[in-house]
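Trainee: no sequence on this one, just coordinates:
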């Protein structure tokens, strides 16, 4: 079978990833896009692109008929679903077949059987794949589910039968919280999968999440491409993935790989799939679920096996045999992947949305570093989709070398305009237990205090203040266009200050928790140098360009040269300084810049509750006149396909409701007010 043109029913980094491989194979690609994505990278990279609707996925990327029509309109022979959206919809796979389009994925029967967790458990049990016992029955009444939970024994895991990606999943540690967690899981599952059926299983404490990459073809050939450890998670979603899984014996590696192949054979699987297992401290493993698609973290498998899994998908879809036999698949070195998200780890990993005002990925010096992304500087991270900015993938000969390289690349990933999880990932990499390979899914909660203490605001010392001041001088010089060679600060004095003054005081306010204030006296010395006086100390400072296009500079403070880069937000006047592996935000008190909003969303004395992020109001639990206690749920919001409960921050009486169900609200929108 010949495939010369395919449509990619997805967006963002995975669409870009598929386009790169397809184009290398001489295959044309058609992208689809919503209003929110009309200028996105995956649209620019495609040979053609088709508009499919409004930003909400339910009105664009999830409309099966529109995707099919777009493929037929552009004369595509196949559709690649990527991951998420329609990738695990057996109905969509069926629709492709009915329209003579090749679905680059498994048969619809396999998607159906493995997509329903209760069905998949029965199939795995029959195939002698180890499973955790639990309740997967049809009686979905709260009474029956509670009864089964009591019989299994707490803690229990409540999971959406058609779930995935951590959505519709909750843990109940006692009878008292079971019903609340069940209802919350059902609400989230209904929004994400249009199905709120649940299963209840015993929760394995301190488990590892170990998954196996498998592949099958139309000729009944199956292989496993080894395992990935995805234990480092927040909200049941992966943060860091690595392969091979640290500490696994060769015997366990073989057994878990063979178990994954058994799972694939049991459903006549074709294409790329991932079998996820839960592993206890003794390396006993149990089937959890099968993801019938390409995984987000597939690049690390490619790094250690020297393969291109998207190419394998296309070759298998064309009817070819698997490119390699099991004994020919190498396992070389170690690879890490970090998911770079627009989110605030210090605010319960609250997702963010907005413009990427400054974006400078780490320098890719060889094929052992990959930055998988679907955004460029100036793009918007939309409230309608997952807040993933990029995936950073790093390979080296062994885990220790890979981790060192990984951390260095993270420290050189520079983003401003949105809060990201990069400092938090760096703190994970630095944690002694992570370095020692002691990983499990409870890692972040268990080490929360240490991790967040490390990730929190960096130390602002005199050198950092000098670097900050040098960026201001540089910015003013750029505006004045008064710079010679690589020194920017010498010839712009007449434009920046009046001719009558060779000295000036600056008042810097840093955007940290304590709002550090630094008063600096600056004296012009000569073309290359300034003298800065702060905290009773005098420093000689100069700033040189290393790479103007990459916005890379070097600040010399008393002979200590510090590499840095910076940007300035034109709307707020806020400077973002990247130095010493950290981000420092600051602004000038005495300049005409737009004033920042310092709106507290969680002030214990406040009468108002605000939206902590942009989103859609899904449910309002109170009305005017209701009495509420501290912690009572007031409003439920949906943002980034996740459910967020806005709770009362004190006891009181509801004065007014300032939102409505279905309303799109911005961050800081006042939702509910309590009486004085």
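Mentor: Received it, and whenever you're ready, just let me know what you need. Just so you know, these numbers come straight off a predicted model, no measurement behind them.
Trainee: longest single strand anywhere in this protein?
Mentor: In the chain, assigned by DSSP state E, the strand with the most residues is strand 222-234.
Trainee: give the next helix or strand downstream of it.
Mentor: Next along the chain after strand 222-234, taking DSSP states H and E as the criterion, comes strand 237-243.
Trainee: what is the rounded mean pLDDT of the longest strand of the chain?
Mentor: For strand 222-234, the mean pLDDT works out to 97.
Trainee: which neighbouring elements make contact with it?
Mentor: In terms of contact count using 3 or more C-beta pairs under 8 Å, 6 or more residues apart in numbering; DSSP states H and E, strand 222-234 is assigned the packing partners strand 208-216, strand 237-243, helix 250-266, helix 298-305, helix 443-446. Quick note: C-beta positions are derived from backbone N, CA and C, even for glycine.
Trainee: now those in TSV, with mean neighbour count, distance to residue 41 and mean pLDDT?
Mentor: Formatted as TSV, these follow (neighbours: other C-beta atoms under 10 Å; distance: least, C-beta to C-beta, whole Å; pLDDT from 0 to 100):
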stretch	mean neighbour count	distance to residue 41	mean pLDDT
strand 208-216	25	26	98
strand 237-243	24	23	95
helix 250-266	18	33	98
helix 298-305	24	17	98
helix 443-446	17	31	94
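Trainee: tell me which of those lies nearest to residue 515.
Mentor: Proximity to residue 515 (C-beta to C-beta) singles out helix 443-446 among the helices and strands packed on strand 222-234, at 28.2 Å.
Trainee: run the chain-centre distance for the closest one.
Mentor: Offset of helix 443-446 from its chain centre (C-alpha atoms, centre = their mean, to the nearest Å): 18 Å.
Trainee: which other residues reach the helix or strand that it is followed by?
Mentor: Next helix or strand after helix 443-446 toward the C-terminus (DSSP H and E): helix 448-455. Helix 448-455 has contacts (C-beta atoms under 8 Å, 6 or more residues apart in numbering) with 345, 346, 423, 424, 426, 427, 428, 430, 431, 444.
Trainee: quick check: the last one vs residue 349, distance?
Mentor: What it means is residue 444. With distances taken as C-beta to C-beta, to the nearest Å, residue 444 is found 9 Å from residue 349.
Trainee: mind listing the shared neighbours of the two?
Mentor: residue 234.
Trainee: for the stretch 101-250 of the chain, which segments count as helices?
Mentor: 108-115, 117-126, 142-152, 175-193, 250-266 (DSSP state H, counting those that start in this stretch).
Trainee: how far away is residue 248 from residue 285?
Mentor: Taking C-beta to C-beta, one finds residue 248 at 10 Å from residue 285.
Trainee: who has more neighbours, the two?
Mentor: residue 285 (23 against 20; other C-beta atoms under 10 Å).
Trainee: quick one: the more buried one from residue 255, how far?
Mentor: Using C-beta to C-beta, residue 285 is found at 8 Å from residue 255.
Trainee: quick check: closest non-adjacent residue to residue 583.
Mentor: Closest residue in space to residue 583, ignoring its immediate chain neighbours: residue 576 at 6.2 Å, by C-beta to C-beta, 6 or more residues apart in numbering.
Trainee: low pLDDT regions in the stretch 51-200 of the chain?
Mentor: Scanning the stretch 51-200 of the chain for pLDDT under 70 picks out the ranges 165.
Trainee: at 80 instead, please
Mentor: 117-118, 133, 163-166 (pLDDT under 80).
Trainee: bridging residues for the residue nearest to residue 551 when sequence neighbours are not counted?
Mentor: Computed as C-beta to C-beta, 6+ apart, the closest residue to residue 551 that is not its neighbour in sequence is residue 565, at 4.9 Å. Following DSSP bridges, residue 565 is listed with bridge partners residue 578.
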